[in-house]
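1. predicted model and sequence follow; I will ask about them next.
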Amino acid sequence: MKLSFHDLQDLLETKYIQYNKLEFIETDPVQIPHLFTKKQDIEIAGFLAATLAWGQRTTILKSAKKLIEWMDDSPHDFVLNFEASDLKIFRQFVHRTFNGEDCIYFLKALKNIYQNYRSLEFAFFNDSSLQIPLSVSNFKKIFFALPHQNRTEKHIADPLKNSAAKRINMFLRWMVRKDEFGVDFGIWDQIAPAQLFCPLDVHSGNVARKLGLLKRSQNDWKAVEELTNELRKFDPNDPVRFDYALFGLGVFENF
């Protein structure tokens, strides 16, 4: 599809407004952090929901809600205060390839982070001068500082290894972006929305290619950079808001 710059801008703006609505929350993993108002609860619930965000959306929501329920519906308090006996139930947890051992390590790693940082934000962006790829890669090192199985590392992507890091970019969008529609939280201010990168998956990638926003065939970090740079032409201050448009066109309209 070949659209002029202005026609493409109109399409992206229209679909951004159409899909960036609170009704969107009902079928999306962002529903999980919206259960909370405390910053640290939002961060933890959002991070875990984003980690599980692959597969069928109904299954993602079911798995994430189970985790929150097992954390006594109080993620921050649970992470800070759990004892070894509290973790036994999590051994049963399975979501695709994310198993009980992975889950228990994630809880231990989050506890370690909150014992050293007042917010997950500062584990990601303890040096706000760094670009997101390096910040995310550094966060992964912090997160996996405790003894762990090597297989667990696959559940956090590393852009420096050319991963598209879709789930991490989605989580960062939730935490950093803020607008009048209220889907994204905007509770982190160490970086600006202009610095974010667009979450890229099969749906958004296919739509972006059809619209001429993405030429690269692989969904990897190079493609993320290419797509985000194109979206910056339409809004340099908040390019990833158009993720709503790409995702909506792909998932809800089979564009």
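-> Looks like it came in fine.
2. pull the residues that contact stretch 117-130.
-> 39-40, 43-44, 47, 110, 113-114, 116, 135-136, 138-139, 142-143, 172, 175, 187-188, 190-191 (Cβ atoms under 8 Å, 6 or more residues apart in numbering). Every C-beta, even on glycine, is put in place using the N, C-alpha and C of the backbone.
3. so how do I select the buried members of those in PyMOL?
-> To isolate the buried ones among the contacts of stretch 117-130 in PyMOL, judged by 16 or more other Cβ atoms under 10 Å, type:
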select buried, resi 39+40+43+44+47+110+113+114+135+136+138+139+143+172+175+187+188+190+191
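4. taking the contacts of stretch 117-130 one by one, which sit in helices?
-> Residues of these located in helices (DSSP state H): 39-40, 43-44, 47, 110, 113-114, 116, 135-136, 138-139, 142-143, 172, 175.
5. so what's residue 181 up against?
-> In this structure, residue 181 makes contact with 20-22, judged by Cβ under 8 Å, 6+ apart.
6. now the helices for the stretch 151-255 of the chain?
-> With DSSP state H, counting those that start in this stretch as the criterion, the stretch 151-255 of the chain has helices at 166-176, 202-210, 221-232, 243-251.
7. and those, which is most packed in?
-> Of the helices of the stretch 151-255 of the chain, the one with the most neighbours on average (mean count of other Cβ atoms under 10 Å) is helix 166-176, at a mean of 25.
8. dump the residue contacts of the most centrally placed residue in the chain.
-> Closest residue to the average C-alpha location of the chain: residue 171 at 2.2 Å, with Cα atoms, centre = their mean. Contacts for residue 171 (Cβ under 8 Å, 6+ apart) come out as 46-47, 50.
9. swap in residue 102?
-> For residue 102, the contact set (Cβ under 8 Å, 6+ apart) comprises 149, 151-152, 155.
10. switch to 6 Å and redo it
-> Residue 102 makes contact with 152, 155, according to Cβ atoms under 6 Å, 6 or more residues apart in numbering.
11. quick one: low-confidence parts of the chain?
-> Residue ranges of the chain with pLDDT under 70: 1.
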